[in-house]
Every structure is written in structure tokens, then in C-alpha cells.
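In: give me the fold of what follows.
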Amino acid sequence: MAPTRKNLGIDRLSSEQRVALALEIWERLGDAHGELGRGVRSHPI
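Out: Residues are numbered from 1 along each chain as shown. As a prediction, this is how the structure comes out:
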């Protein structure tokens, strides 16, 4: 069974910490899979 956000303690992080964590994960995925988000980052939200 996969761990949940509560099991990992993510539910206790502030909004800023959650965003930082998401960005860190995204960057690591990009490093592991050949710059996954290059095209996504070039477009503003």
C-alpha cells in the first residue's frame, strides 16, 4: 500500500513548504528523465 500525505507528514507542512517540496520533486524528476518540464516552465501560468 502506498504511503499517504498524512503518513509522510505532508499534511503538517505550510503552503510554502508544500510548494517547495513539489518543486523539488519536479526538478528531481526532470533530472532523472531528461528535463521533464523544460517546455512547461517556459510558459507563464
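In: so where's this protein uncertain?
Out: Along the chain, segments meeting pLDDT under 70 span 32-45.
In: switch the cut-off to 80
Out: 1, 5, 31-45 (pLDDT under 80).
In: measure A22 to I10 for me?
Out: The gap separating A22 from I10 is 10 Å, by C-beta to C-beta, to the nearest Å. C-betas here are computed from N, CA, C, even on glycine.
In: higher neighbour count, those two?
Out: Between A22 and I10, counting by other C-beta atoms under 10 Å, I10 is the more crowded of the two (14 against 11).
In: for the more buried one, give its distance to A20.
Out: 12 Å.
In: got it, and R12?
Out: 14 Å.
In: the more surrounded of those two?
Out: A20 (12 against 9).
In: mind listing the helices in this protein by residue range?
Out: Along the chain, counting by DSSP state H, helices occupy 5-8, 15-32, 38-41.
In: any idea how far D31 is from L13?
Out: Counting by C-beta to C-beta, the gap from L13 to D31 is 22 Å.
In: so which of those two has more stuff around it?
Out: Ranked by neighbour count (other C-beta under 10 Å), L13 and D31 place L13 first, with 14 against 10.
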